[in-house]
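Participant: What would the 3D arrangement of this be:
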Amino acid sequence: MNASTRAARQLIRQRTRTQRAAARIRRNGHATIATHAIAQGLTHREAASVAGSLRKAAAKLRITGTQVRVHAGRHMRDARHYTPAEVAAMCTIYRPRKTEYKIVAARLALAA
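Facilitator: Numbers count the residues shown, from 1 in each chain. Here you go, the predicted structure:
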């Protein structure tokens, strides 16, 4: 596989990941914090990092979200889903250091 093909496939994977996350939020009206971050263009690893920080902000603001059960392979696990408005409220006190995370925080605040 040559470099241009590899780059094109990475771009398609990123766009697919972003569009699927955004569609899930539009369809259901709520999603996990990580899904909201992925919908703004972050990778799974970066989204998990942002989600951890936003969960701390949610605790400070006493935002609880909605308790849900989700499929995790053959098992079910508990999760919390948040509306775009709740995520935007969390972003008001979230102070990231990385420039990329600052951009995502601004987009999440505007997405509500």
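
Participant: Counting by contacts, list what the lengthiest helix in the chain packs against.
Facilitator: Identified as the longest helix of the chain according to DSSP state H is helix 3-28. With contacts taken as 3 or more Cβ pairs under 8 Å, 6 or more residues apart in numbering; DSSP states H and E, helix 3-28 sits against helix 33-39. C-betas here are computed from N, CA, C, even on glycine.

Participant: Show the subsequent helix or strand relative to the helix it packs on.
Facilitator: Moving toward the C-terminus from helix 33-39, the next helix or strand (DSSP states H and E) is helix 44-61.

Participant: Return the distance of the longest helix of the chain from the chain's centre.
Facilitator: Relative to the mean C-alpha coordinate of its chain, helix 3-28 is positioned 13 Å out (Cα atoms, centre = their mean, to the nearest Å).

Participant: for it, which positions count as buried?
Facilitator: 17, 21-22, 24-25 (16 or more other Cβ atoms under 10 Å).

Participant: Measure how that helix sits relative to helix 44-61, angle-wise.
Facilitator: Per axes from the mean of the first three to the mean of the last three Cα atoms, to 10 degrees, the angle that helix 3-28 makes with helix 44-61 is 30 degrees.

Participant: Nearest to residue 73 among the buried residues of helix 3-28?
Facilitator: residue 24 (18.4 Å; Cβ to Cβ).

Participant: how close does that closest one get to residue 38?
Facilitator: Going from residue 24 to residue 38 by Cβ to Cβ, to the nearest Å gives 9 Å.

Participant: Then residue 90?
Facilitator: If you go by Cβ to Cβ, the gap between residue 90 and residue 38 works out to 16 Å.

Participant: Could you do residue 70 as well?
Facilitator: Taking Cβ to Cβ, one finds residue 70 at 15 Å from residue 38.

Participant: The two: who's more crowded?
Facilitator: residue 38 (27 against 11; other Cβ atoms under 10 Å).
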